[in-house]
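>>> Give me the fold of what follows.
(one chain, ligands or ions: 1)
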Amino acid sequence: MMEKLSSTESTHQRFIEAANRKKILAHKCVKCGHMMLETVLFCEKCSGSKFKHVELEGAGTVVTYTIQAVAPEGFEDAGSYAWVVFKVDNSQLRASGFLPGIKVPADLPIGTKVRVAGFDSKHGLMLQK
Ligand SMILES: [Zn+2]
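Numbering: from 1, shown residues only. Below you'll find the model as predicted:
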């Protein structure tokens, strides 16, 4: 379904557009410099509400993850997935996304490098090793 995008939706659209270019769009608090994902409305540190967009390289290291033995809806044919939390390189930011092809913990040691591969409209960030 095609929808006309209004400017109020643009932050989320920009996040998706950045993910498809293998980048992560973050918010940087204008007041204290704290960096957050684009989904927050107020700064976690100073409650400021003014942000500027910062594009980070879509790469990081695995912090924790959960293996989804049952593939999520839309991925039934693609095997098992891990829901991964990763620390974005060169920032304190943590983001999460799906990494396909992970069946057992040995497939994905903590600290493994992952990269943003794109964006799935239903599941969010897609990752690759
Ligand atoms: Zn702040």
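
>>> who in the protein is up against the ion?
When proximity is defined as CB under 5 Å from the ion, the chain approaches the ion at 29, 31, 32, 34, 43, 45, 46, 48. For every residue, glycine as well, the C-beta is placed using N, CA and C.

>>> Of the residues you listed, which is the nearest to residue 80?
Residue 80 lies nearest to residue 34 out of the residues of the chain next to the ion, by CB to CB, at 35.3 Å.

>>> what's near enough to touch the closest residue to that closest one other than its chain neighbours?
Of all residues not flanking residue 34 in the chain, residue 45 sits nearest, at 4.4 Å (CB to CB, 6 or more residues apart in numbering). Residue 45 makes contact with 29, 32, 34 under the criterion CB atoms under 8 Å, 6 or more residues apart in numbering.

>>> and if you look at residue 112?
Neighbouring residues of residue 112 by CB under 8 Å, 6+ apart: 61, 62, 129.

>>> ok, the last one touching residue 109?
It stands for residue 129. No: assessed by CB atoms under 8 Å, residue 129 is found out of contact with residue 109, at 10.7 Å.

>>> Would you map the helices across this protein?
With helices called from DSSP state H, the chain shows them at 10-20.

>>> could you pull out the strands for it?
Assigned strands in the chain, in chain order: 23-29, 35-37, 51-57, 59-68, 81-88, 94-100, 113-120, 124-128 (criterion: DSSP state E).

>>> could the ones you listed go into TSV alongside mean pLDDT?
TSV is the format used below for the strands of the chain (pLDDT from 0 to 100):
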stretch	mean pLDDT
strand 23-29	93
strand 35-37	88
strand 51-57	93
strand 59-68	95
strand 81-88	94
strand 94-100	93
strand 113-120	96
strand 124-128	94
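
>>> Pipe the ones you listed into JSON lines and attach mean neighbour count and distance to residue 14 per row.
Output for the strands of the chain, formatted as JSON lines (neighbours: other CB atoms under 10 Å; distance: least, CB to CB, whole Å):
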{"stretch": "strand 23-29", "mean neighbour count": "21", "distance to residue 14": "6"}
{"stretch": "strand 35-37", "mean neighbour count": "18", "distance to residue 14": "12"}
{"stretch": "strand 51-57", "mean neighbour count": "15", "distance to residue 14": "7"}
{"stretch": "strand 59-68", "mean neighbour count": "17", "distance to residue 14": "19"}
{"stretch": "strand 81-88", "mean neighbour count": "21", "distance to residue 14": "17"}
{"stretch": "strand 94-100", "mean neighbour count": "20", "distance to residue 14": "15"}
{"stretch": "strand 113-120", "mean neighbour count": "18", "distance to residue 14": "11"}
{"stretch": "strand 124-128", "mean neighbour count": "19", "distance to residue 14": "14"}
